[in-house]
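Chemist: Have a look at this prediction, sequence included:
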Amino acid sequence: MSLLQINDLSKEYVMGQQILRALDHVTLSIERNDYVAITGTSGSGKSTMLNILGCLDRPTEGNYVLNGKDVSLLNPDELAEIRNREIGFIFQSFNLLTRATALQNVMQPLIYQGVHGKERKRRAIEALDHVNLGNRMDHLPNQLSGGQRQRVAIARALVTKPSILLADEPTGNLDSRTTIEIMKLFDELHKQNQTIIIVTHEPEIANHCLRIVRLEDGHVAEDRSREKA
């Protein structure tokens, strides 16, 4: 069974008197340990796909099955629980708490899961060590470089041991050297059997992935696998 399966899925938005169809009868499956880039130009449906895959929005038609559960039928509280358990989010702007240390930021998702103090701290330290930031755990975000902040964000996404890492333009705010470092980290995580989906408009980022799904006007225009260089 696929880890993630969307079937004949559409999403419409009402814009005044017009209806915008952002996704149009899309069918897509993602297997465990897939390393997928979802690409496309502005307006292709990438953001809508990200929101639906991340259980942040619901489809208008069709269904979405994540790890055996049809999430398109869930209520908002159930969706929030699925998000916290199954999906680790990584954002272009890092979305770190500015007054919290790296360690406190990484512990945050475990608070929502009800994990208690010592275990929460142990798992957060482990996640920071995993991204080579164990020596920066007491630093605030403004004391860290952009690349270090994104590593904290990746550690925060990993700490709940999610089924999927879902990254939205994860290198958009980074310089070219730091971008290479962060993509190397994603490559390493994939080798450790982590399922990764990266939403990006940048071909050089997409080319790190082993599968590229290109959206165009709400349709899947291309879905191809590639050998790792």
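Modeler: Great, that's in hand.
Chemist: Show me what the residue nearest the centre of the chain is bridged to.
Modeler: Against the mean C-alpha coordinate of the chain, by C-alpha atoms, centre = their mean, the closest residue is L166 at 1.1 Å. Beta bridges link L166 to F89, I197, judged by DSSP bridges.
Chemist: thought it was touching E86?
Modeler: No: contact criterion C-beta atoms under 8 Å: L166 and E86 do not qualify, at 9.7 Å. For glycine as for every other residue, the C-beta is placed from the backbone atoms N, C-alpha and C.
Chemist: residues in contact with V115?
Modeler: V115 sits next to R123 when contact means C-beta atoms under 8 Å, 6 or more residues apart in numbering.
Chemist: any idea which helix or strand carries it?
Modeler: Using DSSP states H and E, V115 is not contained in any helix or strand.
Chemist: what about the closest residue to E61 other than its chain neighbours, how many residues close to it?
Modeler: Spatial nearest neighbour of E61, excluding adjacent residues (C-beta to C-beta, 6 or more residues apart in numbering): S10 at 4.3 Å. If you count neighbours by other C-beta atoms under 10 Å, S10 ends up with 16.
Chemist: what helix or strand is S10 on?
Modeler: Assigned by DSSP H and E, S10 falls within strand 4-15.
Chemist: so what strands line up beside that strand?
Modeler: Strand pairing for strand 4-15, using DSSP bridges, gives strand 18-30 (antiparallel), strand 61-66 (antiparallel).
Chemist: May I see the buried residues of that strand?
Modeler: Within strand 4-15, the residues scored as buried using 16 or more other C-beta atoms under 10 Å are 4-7, 9-12.
Chemist: How far off centre is that strand?
Modeler: Relative to its chain's centre, strand 4-15 lies at 18 Å (C-alpha atoms, centre = their mean, to the nearest Å).
Chemist: Any regions of the chain where pLDDT drops low?
Modeler: Scanning the chain for pLDDT under 70 picks out the ranges 228-229.
Chemist: My reading is that E204 lies in a helix. Confirm?
Modeler: Yes: counting by DSSP: H, G, I helix; E, B strand; the rest coil, E204 falls inside a helix.
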